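A.B. asks: Sequence first, predicted coordinates after that:
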Amino acid sequence: MSNKLEKIAVFTSGGDAPGMNAAIRGVVRCALYNKLKVEGIYQGYQGMIENKFVSLLSSSVSNIIQKGGTILKTARSDDFMTTEGRKKAFNNLKNRGVDALVAIGGDGTFKGAQVFYDEFKIPVIGIPGTIDNDLYGTDFTIGYDTAINTAIDAIDKIRDTADSHNRLFFVEVMGRDAGFIALRTGIGSGAEAILIPEIHTDTKMLLKKLELGKKKSKTSSIVIVSEGDETGGAFKIAEEVKKVFSEYDIRVSILGHIQRGGNPTCSDRVLAGRLGVAAVEALLKGETGLMVGVKHKSVTYTPFSKAIKHNNTIDKDLFELNEILSF
Ligand code: F6P
């Protein structure tokens, strides 16, 4: 690819996240502000392969800042995992005159972007868009704040019924193999315990804790279980507890995909706008292979290889904080 930058393309990939639309808007408006042309690619890498492009104008992104989902649609593409698929994608970009890419998504998206750059040298900047918050190099990913607020809202409702019936609830939240959603929603909803993949779950300790709670006259309890926890999820751990405490009235609730939908919170919208602009500005400076993020209030740039999964560590202090708060 040449060094000229006249036209960029933006796409969303992997699981959708609230705020992706606000990020697309940020990218488009900043590109136009800098006299660049912008294409949107439908359905992420799959659309790149299938030639699904659309020219984006300022008006194309009007009235989307508040909408959940992604107007560009998204997909997880198996074809892009093949050299043949990536070659097709590159040829389509070339024919369309695209000089650089902005990829909005999570770790899978950035792994794909890195491989694509290594093979075809098309500059690419990533914007972290995932509810999981499992990327290193940003305090928060776009969609995380909305997802945890959606979860909190649901758990508050569960608490009403749990309390009315003196029940123990196991509530499972998303996060693939990361516990960031569980940790914050657990603290924010006043959970008795939080089970996350990053910290070993000692079932005996959990049982003790639940018993202690009963002795202290707690009438209902909520345990937040991350879907990736080693116990195997909310149903499994509920079964284990029931085996020991048959007298407990236990229920399970899996929050599932409601955590991915809905209007983005103000924090997610502001973050998305900021990162959309930062991504285009990075391309204008000739950067590539970086994820933009915000850390301690400032925009940061992190190489994809560092940003992707397992580098972002859970805040153990927050986990311990809940031990005190739930005492
Ligand atoms: O990565 C976002 C996420 O919602 C994870 O938390 C979850 O494990 C996964 O996507 C679910 O994926 P799908 O929508 O393909 O079932």
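C.D. replies: Looks like it came in fine.
A.B. asks: Backbone dihedrals for the residue positioned nearest the centre of the chain, please?
C.D. replies: Taking C-alpha atoms, centre = their mean, the centroid of the chain lies closest to T130, which sits 1.8 Å from it. T130 has phi and psi values of phi -160, psi 140 when expressed as degrees, to the nearest 10.
A.B. asks: so what's it up against?
C.D. replies: T130 is in contact with G14, G15, A17, G105, G106, D107, T141, I142, G143, Y144, counting by C-beta atoms under 8 Å, 6 or more residues apart in numbering. C-beta here means a position set from N, CA and C on the backbone, and glycine is covered the same way.
A.B. asks: Which members of the residues you listed are positioned in strands?
C.D. replies: Using DSSP state E, the subset of the contacts of T130 located in strands is G105.
A.B. asks: Mind listing what's buried along the longest helix anywhere in the chain?
C.D. replies: What stands out as the longest helix in the chain, according to DSSP state H, is helix 144-165. Burial within helix 144-165, assessed by neighbour count using 16 or more other C-beta atoms under 10 Å, is assigned to 144-152, 154-155, 158-159, 162.
A.B. asks: Which of the residues you listed sits closest to K111?
C.D. replies: Within the buried residues of helix 144-165, proximity to K111 (C-beta to C-beta) peaks at Y144, which comes in at 19.7 Å.
A.B. asks: Not counting sequence-adjacent ones, nearest residue to the closest one?
C.D. replies: In space, and not counting its chain neighbours, Y144 is closest to N133: 4.1 Å by C-beta to C-beta, 6 or more residues apart in numbering.
A.B. asks: check which helix or strand covers that neighbour.
C.D. replies: In the assignment (DSSP states H and E), N133 maps to no helix and no strand.
A.B. asks: who's in contact with it?
C.D. replies: Applying C-beta under 8 Å, 6+ apart to N133 gives the contacts F140, T141, Y144, A178, F180, I181, N312.
A.B. asks: Go through these and flag which are in helices.
C.D. replies: Using DSSP H, the contacts of N133 in helices are Y144, F180, I181.
A.B. asks: Any part of stretch 46-54 near the ligand?
C.D. replies: No - on the criterion C-beta under 6 Å from any ligand atom, stretch 46-54 is out of touch with the ligand, staying 13.6 Å away.
A.B. asks: one step back: just the closest of the buried residues of helix 144-165 to R76, please.
C.D. replies: R76 has its nearest neighbour among these in A147, at 18.4 Å by C-beta to C-beta.
A.B. asks: do you know how far the closest residue to D134 other than its chain neighbours is from D153?
C.D. replies: Using C-beta to C-beta, 6+ apart and skipping residues adjacent in sequence, the residue nearest D134 is A178, 3.8 Å away. Distance, A178 to D153, by C-beta to C-beta, to the nearest Å: 21 Å.
A.B. asks: Kindly report the same for E198.
C.D. replies: E198 is 25 Å from D153, where distance means C-beta to C-beta.
A.B. asks: likewise D134?
C.D. replies: From D134 across to D153, the span is 22 Å (C-beta to C-beta).
A.B. asks: And for K242, the neighbour number?
C.D. replies: 14 (other C-beta atoms under 10 Å).
A.B. asks: quick revisit: tell me the one among the buried residues of helix 144-165 nearest to the ligand.
C.D. replies: Top of the list for closeness to the ligand, among these and by C-beta to the nearest ligand atom, is A147 at 8.2 Å.
A.B. asks: Correct me if wrong, but A103 is in a strand.
C.D. replies: Yes - if the criterion is DSSP: H, G, I helix; E, B strand; the rest coil, then A103 is within a strand.
A.B. asks: circling back: which among the contacts of T130 gets closest to the ligand?
C.D. replies: Distance to the ligand, by C-beta to the nearest ligand atom, is smallest for G15 among these, at 3.3 Å.
A.B. asks: From the chain's centroid, how far away is stretch 74-94?
C.D. replies: Relative to its chain's centre, stretch 74-94 lies at 23 Å (C-alpha atoms, centre = their mean, to the nearest Å).
A.B. asks: and what of stretch 195-203?
C.D. replies: 21 Å.
A.B. asks: Wondering if it reaches the ligand at all.
C.D. replies: No - under the criterion of C-beta under 6 Å from any ligand atom, the ligand is not reached by stretch 195-203; the shortest gap measures 11.4 Å.
A.B. asks: Would you mind pulling up the elements that the longest helix of the chain packs against?
C.D. replies: On a contact count with 3 or more C-beta pairs under 8 Å, 6 or more residues apart in numbering; DSSP states H and E, helix 144-165 meets strand 168-173, helix 180-188, strand 221-226, strand 250-254, helix 266-284.
A.B. asks: again, only using 6 Å
C.D. replies: In terms of contacts (3 or more C-beta pairs under 6 Å, 6 or more residues apart in numbering; DSSP states H and E), helix 144-165 is packed against strand 168-173, helix 180-188, helix 266-284.
A.B. asks: Mind checking if that helix is in reach of the ligand?
C.D. replies: No - judged by C-beta under 6 Å from any ligand atom, helix 144-165 makes no contact with the ligand; its nearest approach is 8.2 Å.
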